[in-house]
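>>> generate coordinates for the sequence data below:
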Amino acid sequence: MTDYTSHVAAEIATQPADWATVLGRVDEATAVLPRPGDHVAVVGCGTSYYMARAYAVLREQGGHGVTEAHAASEFPTGRTFDHVVAISRSGTTTEVIELVAGLRERGVRVTTIVATAGTRLTELGSDCLLMAEVDERSVVQTRFATTTLFLLRATLGEDLGRAVADAEAVLAEDEDTALAGVADAEQLTFLGRGWTVGLAQEAALKLRESAQFWTEAYPAMEYRHGPISITTAGRATWAFGEVPAGLAEDVQATGGHFEHRDIDPLADLLRVHRLCLLKARRAGVDPDRPRHLTRSIILS
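Down below sits the predicted model:
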């Protein structure tokens with residue numbers, strides 16, 4: 001059986017404090033991020049791409065300007081943007097480095113958000129927002145991703161006091177209370193709307209990486225267009241943020257469990273992080289070392 005005094009567990013535990021601390025960096029971040037009205041693309045790979053998706057929706061819906069999110073490998077290079085934001089924990093991800101290098105050659109302003117100091121991406125962009133205080137030892141990303149998104153939300157003018165309080169409450173809960181209804185599920189489907197679609201995708205990825213557990217993720221309104229077919233007794237559907245009318249009842253009619261809390265969706269993602277540790281422990285796998293993955297994907 002694996003020793004579960006893991007890096008992931010330690011990095012999950014710091015998140016509420018990380019979020020509160022990073023509020024002191026809002027002015028610094030705002031100075032290097034896109035200006036209101038800029039046409040913006042936000043890019044990343046894996047977890048960073050899902051955080052990019054969340055930020056892009058929030059920025060555009062908040063009236064700050066047209067904002068798109070793209071996986072770095074699928075960036076529309078024939079299009080023009082005022083500003084590109086590139087997120088990469090390691091600062092060494094091949095697709096992001098190649099994209100940023102090409103954009104800089106074309107004179108596009110690029111802000112990179114990186115956790116690891118001294119890596120190539122910290123020097124390659126026009127500006128770098130270094131998040132070294134939330135760098136991680138685990139392959140599986142948790143606090144870098146959530147703290148980055150938290151800071152990006154703060155630069156858009158959100159009042160995030162509730163998010164910190166909700167996260168503190170989540171970590172203070174007894175495990176059985178926090179995860180009742182999902183701890184024994186044999187399969188999970190995550191749903192979101194708007195910016196929380198990115199969180200749903202990230203939640204599904206976290207469980208696949210850390211616990212080798214079967215998960216899926218969809219926009220909430222798409223769930224009834226096919227994916228609901230997988231739901232049945234012993235399985236669960238977890239919704240982040242706004243829940244479409246009638247969705248809970250539709251899930252319950254399948255015999256499956258419907259999971260939703262009226263808390264800040266980023267704090268709800270912290271509940272998923274706790275579930276990752278539980279599922280990994282039960283499966284006897286090491287949450288710090290997902291199969292076939294390394295901390296940074298560097299392509300030859």
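>>> tell me which residue of the protein is furthest from the middle?
Most distant from the centre of the chain: Ala253, at 30.0 Å, with distances by C-alpha atoms, centre = their mean.
>>> do you know how far that one is from Phe240?
21 Å (C-beta to C-beta, to the nearest Å). For every residue, glycine as well, the C-beta is placed using N, CA and C.
>>> low-confidence regions, the stretch 201-300 of the chain specifically.
Regions of the stretch 201-300 of the chain meeting the criterion pLDDT under 70 cover residues 292-300.
>>> can you pull out the strands in it?
For the stretch 201-300 of the chain, the strands defined by DSSP state E, counting those that start in this stretch occupy 215-219, 236-239, 257-259.
>>> need the CA coordinates for the second one. PDB is fine.
This file holds the C-alpha atoms of strand 236-239, laid out as PDB (Å, rounded to 0.1, in the frame of the first residue of the first chain):
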ATOM      1  CA  ALA A 236     -22.500  10.200  -9.800                       C
ATOM      2  CA  THR A 237     -22.900  13.400 -11.700                       C
ATOM      3  CA  TRP A 238     -21.200  16.500 -10.100                       C
ATOM      4  CA  ALA A 239     -22.200  20.000 -11.200                       C
END
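>>> without its sequence neighbours, what residue ends up closest to Val170?
Excluding its sequence neighbours, the residue lying closest to Val170 (C-beta to C-beta, 6 or more residues apart in numbering) is Leu270, at 4.9 Å.
>>> doesn't Ala167 make contact with that neighbour?
Yes: counting by C-beta atoms under 8 Å, Leu270 does reach Ala167; the two are 5.3 Å apart.
>>> what do those two both touch?
Gln15 (C-beta atoms under 8 Å, 6 or more residues apart in numbering).
>>> tell me where the stretch 51-200 of the chain has helices.
94-105, 120-124, 143-155, 161-172, 175-179, 196-211 (DSSP state H, counting those that start in this stretch).
>>> buried residues, the fourth one. List them.
Okay, so that is helix 161-172. For helix 161-172, the neighbour count (16 or more other C-beta atoms under 10 Å) marks 163-164, 166-168, 170-171 as buried.
>>> and stretch 15-30, by the same measure?
Neighbour-count burial for stretch 15-30 flags 15-16, 18-20, 22, 25-26, 29 (criterion: 16+ other C-beta under 10 Å).
>>> check the residues you listed and tell me the two furthest apart.
By the measure C-beta to C-beta, Pro16 and Ala29 form the most distant pair in these, at 19.1 Å.
>>> which residues are in contact with the nearest residue to Glu60 once chain neighbours are set aside?
Nearest residue to Glu60 in three dimensions, chain neighbours excluded: Thr67, at 4.3 Å (C-beta to C-beta, 6+ apart). Contacts for Thr67 were tallied using C-beta under 8 Å, 6+ apart; they are 34, 39-42, 55-57, 59-60.
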